[in-house]
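Participant: following is a predicted model, sequence given first.
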Amino acid sequence: MTDDQATEGRSDEVDDLSGLADLTAAEASAFLTSVTEVASGSAPDTALPILTLALSQILVAGARLGAIQDVVPEQRFEPDATDDDADPLRTGLANVFAGIDDYVYVIDPITSSDRADGSVTNDLVDVAVALTHGLKHYAAGDKTEALWWWQFSYLSEWGDRAMTALRVLQSILAHLRLDADDEAVGEAEFDALHP
């Protein structure tokens, strides 16, 4: 391989990572918009479907990050970042999920059967904070650092939190749609068949 071919190969890889960073940033922004909208309480009837869709989409972005080789940032350390105040988001989501926020989950299904308590609100906030941190790097023009952060935090934290929250939301939706009173279901079927 010549030096020109090696340089061209690295250039293609950088272009691919740049495109992936752009795509991930757009998906992270869409997720944050959806979660913020739900937390505002402006559309409580659509909160569960919106969050189910938003979590599904961001998990696709995470799976894409998990499927590529490790992203290596140019700098080997990251300066301390200022954390955004996530309390307003947490409070808004806690209001939306009042009474259905808490759940139990298996911590690591591969290594043990230990269980722990979880919270949909805390899961959503953890995902939002991790994605926001990556977006700060992206906005500063450091796409490689942003990708590294999104990939690392997906594998170490937010992927698990998003997956667990999605499973809980799917369970809530299933109960809402399938646990209907038999008499009410019978009446609805009769009305549908005899207009």
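Facilitator: Cool, got the structure. Residues are numbered from 1 along each chain as shown.
Participant: going forward, measure contacts and count neighbours with C-alpha atoms only.
Facilitator: Noted.
Participant: now do residue 33 against residue 55, distance only.
Facilitator: The spacing between residue 33 and residue 55, counted by CA to CA, to the nearest Å, is 12 Å.
Participant: neighbour count winner among those two?
Facilitator: residue 55 (26 against 14; other CA atoms under 10 Å).
Participant: strands of the chain, residue ranges please.
Facilitator: Assignment of strands within the chain using DSSP state E yields the ranges 102-106, 115-119.
Participant: contact partners of the last one?
Facilitator: For strand 115-119, the external contacting residues (CA atoms under 8 Å, 6 or more residues apart in numbering) are 101-107, 165.
Participant: go with 6 Å
Facilitator: 101-107 (CA atoms under 6 Å, 6 or more residues apart in numbering).
Participant: list only buried entries from those residues.
Facilitator: 101, 105 (16 or more other CA atoms under 10 Å).
Participant: which of the contacts of strand 115-119 sit farthest apart?
Facilitator: Largest separation among the contacts of strand 115-119 by CA to CA: 101 and 107, giving 17.5 Å.
Participant: by mean pLDDT, which helix or strand of the chain comes out lowest?
Facilitator: When the helices and strands of the chain are scored by mean pLDDT, DSSP states H and E, helix 182-193 comes last with a mean of 65.
Participant: now residue 135: how far from residue 164?
Facilitator: 23 Å.
Participant: just residue 52 next, same as before
Facilitator: 11 Å.
Participant: these two: who's more crowded?
Facilitator: residue 164 (22 against 18).
Participant: poorly predicted segments of the chain, please.
Facilitator: Along the chain, segments meeting pLDDT under 70 span 1-15, 75-83, 180-182, 184-195.
Participant: and for stretch 46-61, what's in contact with it?
Facilitator: Residues contacting stretch 46-61 (CA under 6 Å, 6+ apart): 31, 38.
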